[in-house]
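quick one, what's the 3D model for this:
(one chain, ligands or ions: 2)
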Amino acid sequence: MLAADAETFAAVPRGVSVERRSGAAPRLDARTRVQFLPGIGPQRALAYERLGLVTLEHLVRHFPRTWLDATQFVKVRDLRRGELLTVTGTVKHAGALRTRGGRADFAATISDGTGTLPCYWFGQSWLARTLAPGTQVVVSGEISGAERQMTNPMFEVVEDDLESLLHAGRLVPVHSLTRGLTARGFRQAVRRALDLVADQLPDPVPAAVAAAHSLAPLGAALREIHFPTDAVALERARMRLAFEELFLLQAVMGLRRRALSEEGRALALAGPGALAARVRAALPFTLTQGQEAAVREITADLARPRPMLRLVVGDVGSGKTVVALLAACAAVEAGQQAALLAPTEILAHQHGASLQRLAEGSGLAVAVITGSASPGERRALQARLSAGEPLLVVGTHALLEERLQFPALSLAIVDEQHRFGVRQRAALAAKGVVPHLLVLTATPIPRTLQLACFGDLDLSVIRERPAGRGRMVTRVTSEEKFPNVVEFMARELAAGRQAFVVVPSIEEGPRADLKAAETEVERLRSQPPLRAYQLGLLHGRMKADEKRAVMEAFRAGTLHVLVATTVVEVGVDVPNATLMVVENAERFGLTQLHQLRGRVGRGSHRSVCVLVAGSLAGARARERLEVMTTTDDGFELAEADLRMRGPGELWGVRQAGLPAFRMADLTRDEPLMLEAREAATAVVAADPHLLAPEHAALRATLRERFAQPLELALAG
Ligand code: ADP
Ligand code: MG
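Ligands and ions are numbered 1, 2, ... in the order given. Okay, the predicted model is just below:
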């Protein structure tokens, strides 16, 4: 899958030059090994290699993790506590100190004419050689202790002028290091490497793009990212390098898109639409605007002889199933086969049942196959498939991918429910005729993430939910109010309704979710108001048929309350359930809570979602939960999640494999992402195999960083 490959972004070394003419001093270039830098030998070079830094180019592209602002110069007289401040002065007294523990420290006093500043460096007695009395020095640190001293300050001996400082008295870069490397040694090496190669590195961003977007030269950006002149220059450099990251990613997306959706690789499914019309006519409802739009977009895609790659995003309950069904009609009408892949057995059965119901009488054949099918049933279905019978097969991913042959598969529908594992793309798009691909997901995804992870998919969004649903109320409460929650639940149950209780696992460990759910069931059973009711348990460690039995009992109403770990995420449709209680709700992301809440409110009754903040939840966590009471729009909640928790925490996105950006920040770089996408799209459109000389560096960089997924795209 594309995004996972993008994680190798930094690691793959480009061809490394090791040649060294005997006698002559080595000529250093971007591909020279780090070990040939002055001050680094073969031994130290091993430490750099542990960081993946083999060549000078790698070194200058190892961007700082952060920067310390040590740019405030003050006089010793004016030093204040609590701030990173810098003093320039002369070393007065200096000497090694042996502590009682046997450690050799170093102490020096620094004077600037307005006072003297005591400094201590723990365990660094070797500084006696560097900071001898009389040396001009810059120290940056914070004042502490009764003596108003600096402990382990950053420092630098002043040789020329303050402009050339690397380690103190500036925005000091902090690089990620490893055993065997010091911050000072590393900065020194980066400085040298920058001086040698920064201006001769091939720039993967084509000159025309750089010019159109007023990007500073690559070399200047690299210099400023390591050793920024000031905060403004640093941000400009970050933007320059972030643009490059986003541009490369979007170029890959663009290339893949072109390769996968090449004309002629798929069958055009452009029948008269009579089958779809019959299904529509029999529907007990009319489609929402969002559903209509999605169907229109899909139908147009299917009518073309190049593979559709489309993602349909719509909240739980927005009616994606019928959209998928109408798509399948186009395939079957054309005498072809369609497959719907569900993530779990429960969902496959549920889908199968509702699709059969919706398709009844239309003449569309729907077959359901899951792991619990007998070998005989499986053989029978295989025979129909092999005979080329046009039909829609519903099953689980694994089964359809591994066990069945589809000679006439021309549409694959992947119901990811709450995930984005779009890996099926690669598997299906192997050789020959490629099926059209439709991915359904209930997880709303912010625009930047959509472009970062799925920029090669088209998007249909179903925003509204079908009318006729009951009202939905969300409340935030706390653990102390548990008795009230129990009472409320008892009232709902007395009115004939049902309830879900969802518990996250609090502890780590393989059986933690089970334990959490069991504890909760016991606690609820012991509450007098709930004595009369049946409580069931559903957790991730149950076998598929055990799960199904519990689900069936809940659906049939013999169980009144279902206590579950997050397995209810995966599709449970019980219209009579009107109460969703989420314990320790602060442990969930907003999108995840939104999806849990979507489990109720499916019938015509008023529904309630109660988010119970755990006793340890802080004020900020409570505040975050309150957002749930203010909006019912999944996209808004996803954006809020992105802002508050960052992209890695966005539910569903992590599994998709988020590209590892070092400079781009998805929480604020949306405009940059759009610019980069536009630029990359134009480049790919003009030069689909990147064969033009001005795209040579781009091509080489993509090959190196995204190796595999590109073979397909760049061949030719
Ligand atoms: P999801 O998007 O979560 O997969 P489903 O396709 O399961 O949603 O639809 C949820 C329920 O809404 C189903 O019972 C379905 O029949 C019903 N439904 C779908 N579209 C409409 C509509 N336009 N009007 C009314 N009910 C609808
Ligand atoms: Mg669904």
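
got any ranges where the stretch 251-400 of the chain has weak pLDDT?
Low-confidence segments of the stretch 251-400 of the chain (pLDDT under 70): 263, 400.

swap in the chain?
Where the chain drops to pLDDT under 70, the residues are 1-26, 263, 400-401, 417-433, 468-470, 506-510, 567-572, 647-659, 707-716.

for ligand 1, what are the nearby residues on it?
285, 287-288, 291, 314, 316-322, 442, 466 (C-beta under 6 Å from any ligand atom). Yep, even glycine has a C-beta here, placed from its N, CA and C like the rest.

where along the stretch 601-716 of the chain do the strands fall?
Residue ranges of the strands in the stretch 601-716 of the chain, as given by DSSP state E, counting those that start in this stretch, are 607-613.

mind listing which of the residues of the chain next to ligand 1 are in helices?
Residues of the residues of the chain next to ligand 1 located in helices (DSSP state H): 291, 320, 321, 322.

quick check on those: which are buried?
By neighbour count, with 16 or more other C-beta atoms under 10 Å, these hold 291, 320, 321, 322 as buried.

how close does the residue lying closest to residue 257 once chain neighbours are set aside get to ligand 1?
Closest residue to residue 257 apart from its sequence neighbours, by C-beta to C-beta, 6 or more residues apart in numbering: residue 456 at 4.5 Å. Distance, residue 456 to ligand 1, using C-beta to the nearest ligand atom, to the nearest Å: 23 Å.

tell me which element residue 456 falls in.
Under DSSP states H and E, no helix or strand contains residue 456.

what about it, neighbour count?
When counting by other C-beta atoms under 10 Å, one arrives at 23 neighbours for residue 456.

can you pull the contacts of residue 278?
For residue 278, the contact set (C-beta atoms under 8 Å, 6 or more residues apart in numbering) comprises 361, 362, 363.

looking at neighbours, which among these is most surrounded?
residue 362 (20 neighbours).

could you pull out the strands for the stretch 151-300 of the chain?
Per DSSP E, counting those that start in this stretch, the stretch 151-300 of the chain carries strands over the ranges 154-157, 171-174.

thinking again about what came up before, widest-spaced pair of the ones in helices among the residues of the chain next to ligand 1?
The widest separation within those, taken as C-beta to C-beta, falls between 291 and 321 and amounts to 10.2 Å.

my guess is residue 455 meets residue 251, correct?
No. Between residue 455 and residue 251 there is no contact under C-beta atoms under 8 Å: 10.1 Å.

quick one, which of these two is more surrounded?
Ranked by neighbour count (other C-beta under 10 Å), residue 455 and residue 251 place residue 251 first, with 29 against 24.

excluding chain neighbours, what is closest to that one?
Distances taken as C-beta to C-beta, 6+ apart place residue 680 nearest to residue 251, at 4.2 Å, with adjacent residues excluded.

the one you found reaches residue 257, doesn't it?
No. Proximity of residue 680 to residue 257 does not meet the contact threshold set by C-beta under 8 Å, at 10.4 Å.

among the contacts of residue 278, which are located in strands?
Of the contacts of residue 278, none are assigned to strands by DSSP state E.

so which of those residues is the closest to ligand 1?
Taking C-beta to the nearest ligand atom as the measure, ligand 1 sits nearest to residue 362 out of the contacts of residue 278, at 15.0 Å.

and stretch 64-73, what's buried?
By neighbour count on 16+ other C-beta under 10 Å, the buried set for stretch 64-73 is 64, 67, 69, 70, 71.
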